[in-house]
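A.B. asks: How does the following fold in three dimensions:
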Amino acid sequence: MLCQHRFPLPGSPSTCTLDTAIVPLPSFLFIVVLALHFNFRKAKTANEPRLRLKKWIHIAYLVLVAAQIAMTLLELIRLGLEDLGYGLLPVNTIGLICAFAVLWRERIPGRSNEIVQIFLVYWLLELIVMAVKTARLHELENLNPTTSKDSKYPSSDWFLDNAVMLGLDLVFACCEIATLVLSARKRQESYKLQSYV
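C.D. replies: Numbers count the residues shown, from 1 in each chain. From the prediction side, this is the model:
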């Protein structure tokens with residue numbers, strides 16, 4: 001089953017609805033858009049602008065995405081141990097692996113402006129759904145507090161795991177916003193230089 005043995009939270013969405021329909025949606029859309037982008041993009045030209053982060057920033061970005069993947073796997077394992085069901089949360093892990101692969105692949109030439117925009121929308125959508133989920137898990141922690149003595153996945157741990165993932169999504173979104181702002185400034189500077197020539 002997708003979800004089972006879960007505490008029925010008052011109001012909506014339930015933790016089952018979150019894990020089955022809402023939380024996996026940004027990753028599903030991200031995978032589809034990435035596939036369309038790489039299948040239908042025009043051939044690259046030599047002078048196409050590429051956005052490159054400083055090496056240490058890019059490495060830190062990769063490490064944090066890897067940490068996010070590890071957090072999703074941890075949540076899946078602990079949900080399984082508690083027999084709560086996974087929902088469609090594995091889609092999240094697949095989406096993050098795709099994000100890591102794209103970041104790794106484009107670490108040397110840099111990323112296109114389109115890829116940065118796709119990543120920004122992905123992280124913003126993730127931020128929104130994870131904020132909703134974290135808020136609902138905080139409510140669960142208050143209504144049905146469990147500890148390691150009576151649960152393999154205490155409600156406080158479930159909330160904390162998702163709060164960490166929410167924080168990482170915020171870092172990723174800020175990184176992409178900064179990248180877009182810096183690239184826009186560089187384009188303006190290059191236009192000014194061309195106009196003087």
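A.B. asks: What segments of this structure are helices?
C.D. replies: With DSSP state H as the criterion, the chain has helices at 15-17, 24-40, 55-81, 90-105, 113-143, 155-196.
A.B. asks: Identify the residues contacting the shortest one?
C.D. replies: What it means is helix 15-17. With Cβ atoms under 8 Å, 6 or more residues apart in numbering as the contact definition, helix 15-17 has outside contacts at 2, 3, 6, 7, 9, 85, 87, 133, 136, 137, 140. (Each C-beta comes from the backbone N, C-alpha and C, glycine too.)
A.B. asks: Pull out the buried members of those residues.
C.D. replies: Neighbour counting with 16 or more other Cβ atoms under 10 Å marks 3, 6, 9, 85, 87, 133, 136, 137, 140 as buried within the contacts of helix 15-17.
A.B. asks: I'd like those written out as a markdown table, with pLDDT and distance to residue 158 added.
C.D. replies: Rendered in a markdown table, the data for the buried ones among the contacts of helix 15-17 read as follows (pLDDT from 0 to 100; distance: Cβ to Cβ, whole Å):
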| residue | pLDDT | distance to residue 158 |
| --- | --- | --- |
| 3 | 85 | 13 |
| 6 | 87 | 11 |
| 9 | 87 | 12 |
| 85 | 90 | 13 |
| 87 | 92 | 13 |
| 133 | 96 | 10 |
| 136 | 95 | 10 |
| 137 | 94 | 6 |
| 140 | 92 | 7 |
